[in-house]
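# Model the following, please.
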Amino acid sequence: MTTAIEPKTAAAKPTEAPKPAEYISVDLIVPSKTNPRRMRNPEKDAELLESIRSGEVWQPIVLRPIKATAEDVKLWEETLAKVGVTAAAIFGAGDPVHQLVAGQRRWEFSKKAGKLTIPAVVRNLTDEQARKVQIIENDQRDNIDPIDRARGYAVYRDEYMKARKGQPGFSATKCFEEMATELGHKPRTLYQIIALENLSTDSQVMLRSGTISESHAVELCRRSQAEQAQLVEWIRIQPEVPSVRRLQDKIRGMDIAAEERSRQPKLFQEHKKQRRVTASTPTPAPKTEVRKLFQDGGKIADQRLHKETPAPTAAQLKKQVQEAAKQAEKMRKAQRDRERDERIEKKYRAAFFAAFASKARISSRLLTHVIPNLLFEVWDIGELPIESFAQNVLQWPAPKKGGLYSHDEIRVHSVKHTRKFTGNLLGALIVTLNATPSEAEKLARYFKVDPKKLRKQAATAVAEEERIARTPRPPATQKEKQLYAAVVAANPLWAKLRRNGASNPEIRNTLKVLMGNDGGMHSQELGDVCYMGGDNPRVWLNTVVRGKKPPTLQGAALVTAVRDLLKIPEKGDVDA
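Sure, this is the predicted structure:
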């Protein structure tokens, strides 16, 4: 069975401490050669360009310092030319510049909109860390292109393998296991994501257009380019897009046909060899023929050997026709026998099923043989995490590595805990694998299962998770405590923004109101902190001198710090 590629999950981000945003010249920023995002959305691009022209970039981009190469100079000019900016780079090979890690579209359109600087967070990242940030950034997008995603994961895998080459015990399998832990995926999901690079051009078009799902694509990418072309054509001529299971049946049929074709040459060679052996065995000639062949001192006297083969007589032609008719009749008889055998096999299977259905009972022996296979099928689908009922219903021990069971763990527990299999579990597995969600809910009501109640409980649990995620964390460091006091974090206005979400301008306006035109405080616990609201909110930490020292936080950096400290989601990320 095929795993539907699992949804995006939260992955562990690089451990470097966050830094405040600063304004960097757009002319000294070079694009990344490994940016996984290639596909563009013209409508979104137009909206972003207009937003930057009329305002500014509110979300800082992520950069890392590097020394420019000749390739970076060329890539800088080519990238900007694609968005309509024709200019020569003002830096050369060996000059210190910043390389984009995340935010290429914001940089491109800032340059096109005529902006001189752009807010950015500069981080000292290795190649591997930069690829990881790009993957995480790309995974958080709703309109992520699956082929771009596969390309980004493949680059990160290559960097990961290169950095650990020569380590004792490190292998490709271990590479995927460690990457899965870091990126929040299962190892088999990483295999499937990267395998999408093997899709043919037509298969990629169908996947990007939404004609087929990623589960279809996983099945296709395992086949050769020629086989993918056949399967794509087969999908196109279907009245509707076939299910993944139908696609798997089609592939199995192709494999069976290919195996039969591969066996034909071998059978032909064996038949040909047998004919040669038969033809090479001489037939003893009658003694009278031997005497006719050798006369005159051993010279060949039979002149028939030197004459051309005469035309067949009428009798010979009649015999050939009779032989051909007999051969055709044999073939027709063989075809009738095959059709008869197929009818017998169908009737046998029907009779076997009827007889088995009248005798079979739900017993421990039946469940022991059936349920493990169904568990593996559910596990392979990837839509239903078996960990929940495996631990609660079957009392399996928790996964060794936490989170998810491995393939071997499921096999071992399926054999070891067979006595805990019940008819209830068998029924649930059958319905899960063979019924649509609406059909399953109708059937569940018959067994006094209330889908509405369960859905309400799930919604309540998710709401509680969201509430916890929006609850501001207590300030941990001295600077966070000072910022907490400066922005009047206990004011109810912030609670309202946490509930409804807020844009950057809304946070700036709230800072403008709460911080006032001039303010500061000093205490033994907090130390010194000064702040100023107005049109440009600013905060000075660990100082009482304003004007002589640049603000610690202002503009986009201040908004980002407040959003992170007070857990204020973006506008539209929560239900108002």
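# Point me to the residue sitting closest to the centre of this structure.
With distances taken as C-alpha atoms, centre = their mean, Ile193 lies nearest the centre of the chain, 3.5 Å away.
# So Cys175 sits against Lys165, correct?
No - the pair Cys175 / Lys165 is not scored as a contact, 10.3 Å apart, by C-beta atoms under 8 Å. To be clear about C-beta, it is placed using only N, CA and C from the backbone, and glycine gets the same treatment.
# neighbour-wise, which of the two wins?
Applying other C-beta atoms under 10 Å to Cys175 and Lys165 shows that Cys175 carries more neighbours, namely 17 against 8.
# Contacts for the host helix or strand of that one next, please.
Cys175 is part of helix 172-183 when elements are defined by DSSP states H and E. Identification of contacts with helix 172-183 by C-beta atoms under 8 Å, 6 or more residues apart in numbering yields 11-12, 132, 135-136, 139, 156-157, 160-161, 164, 185-187, 189-191.
# so where's this protein uncertain?
Along the chain, segments meeting pLDDT under 70 span 1-20, 35-45, 139-143, 264-310, 380-385, 470, 544-548, 572-576.
# gap between the residue nearest to the centre of the chain and Ala154?
From Ile193 over to Ala154 the distance is 9 Å, taken as C-beta to C-beta, to the nearest Å.
# got the residue ranges for the helices in the stretch 1-150 of the chain?
For the stretch 1-150 of the chain, applying DSSP state H, counting those that start in this stretch gives helices covering 42-54, 70-82, 104-112, 127-139, 146-163.
# Let me fix that, I meant to ask about the stretch 201-350 of the chain.
Using DSSP H, counting those that start in this stretch, helices in the stretch 201-350 of the chain cover 201-208, 214-221, 225-236, 244-280, 287-293, 314-359.
# what's the closest of those to Glu480?
Set against Glu480 and scored by C-beta to C-beta, those come closest in helix 214-221, at 41.2 Å.
# Who's the closest spatial neighbour of Met532, skipping the chain neighbours?
Nearest residue to Met532, sequence neighbours excluded (C-beta to C-beta, 6 or more residues apart in numbering): Arg538, at 5.0 Å.
# any idea how far the one you found is from Pro551?
Here Arg538 is placed at a distance of 4 Å from Pro551 (C-beta to C-beta).
# one step back: quick one: buried ones out of the contacts of helix 172-183?
Among the contacts of helix 172-183, those buried by neighbour count (16 or more other C-beta atoms under 10 Å) are 11, 132, 135-136, 139, 156-157, 160, 185-187, 189-191.
# which two from those end up farthest apart in space?
Ile136 and Tyr191 (19.2 Å).
# wait, what's in contact with Leu553?
Leu553 touches Pro20, Leu483, Arg538, Val539, Leu541, Ala561, counting by C-beta under 8 Å, 6+ apart.
# Out of those, which sit inside strands?
When the contacts of Leu553 are checked against strands (DSSP state E), the matches are Arg538, Val539, Leu541.
# Who wins on neighbours among those residues?
Counting neighbours by other C-beta under 10 Å, the top entry in those is Val539, with 24 neighbours.
# Quick check: bridge partners of that one?
When bridges are called by DSSP bridges, Val539 pairs up with Tyr531, Leu553.
# Report the separation between it and Leu49.
According to C-beta to C-beta, Val539 stands 32 Å off from Leu49.
# cool, and Glu227?
Glu227 is 43 Å from Leu49, where distance means C-beta to C-beta.
# before we move on, what about Gly103?
From Gly103 to Leu49 the distance is 14 Å (C-beta to C-beta).
# between these two, who's got more neighbours?
Remark: of Gly103 and Leu49, Gly103 carries more neighbours, 21 against 18, as counted by other C-beta under 10 Å.
# contacting residues around the residue lying closest to the more buried one once chain neighbours are set aside?
Of all residues not flanking Gly103 in the chain, Ile61 sits nearest, at 2.9 Å (C-beta to C-beta, 6+ apart). Taking C-beta under 8 Å, 6+ apart, we find Ile61 in contact with Leu100, Val101, Ala102, Gly103, Gln104, Arg106, Trp107, Ile118, Pro119, Ala120, Val121.
# cool, and Tyr191?
So Tyr191 contacts Phe176 (C-beta under 8 Å, 6+ apart).
# May I have the phi/psi pair for it?
Tyr191 adopts backbone torsions of phi -60, psi -50, taken as degrees, to the nearest 10.
# Of the helices of the stretch 201-350 of the chain, give the one that comes closest to Asn509.
With respect to Asn509, and counting by C-beta to C-beta, the nearest of the helices of the stretch 201-350 of the chain is helix 201-208 at 40.5 Å.
# by how many degrees do the closest one and helix 214-221 diverge?
Inter-element angle recorded for helix 201-208 and helix 214-221: 170 degrees (by axes from the mean of the first three to the mean of the last three C-alpha atoms, to 10 degrees).
# ok, residues contacting helix 201-208?
39, 145-147, 196, 199, 212-214, 216-217, 220-221, 228-229, 232, 235.
# 6 Å - rerun?
For helix 201-208, contacts defined as C-beta atoms under 6 Å, 6 or more residues apart in numbering pick out Pro146, Ile147, Ile212, Ala217, Leu220, Gln228, Val232.
# For the closest residue to the third one other than its chain neighbours, give its distance to Pro146.
When you say that, I think you mean Ile212. In space, and not counting its chain neighbours, Ile212 is closest to Met206: 4.8 Å by C-beta to C-beta, 6+ apart. Note on Met206: its distance to Pro146, by C-beta to C-beta, is 11 Å.
# Stretch 104-119: how far from the chain's middle?
31 Å (C-alpha atoms, centre = their mean, to the nearest Å).
# now swap in stretch 194-211 and tell me
Relative to the centre of its chain, stretch 194-211 is centred 12 Å away, using C-alpha atoms, centre = their mean.
# Ends of it, what's the gap?
Distance between the two ends of stretch 194-211: 20 Å, counting by C-alpha to C-alpha, to the nearest Å.
# Likewise for stretch 100-107?
End-to-end distance for stretch 100-107: 9 Å, by C-alpha to C-alpha.
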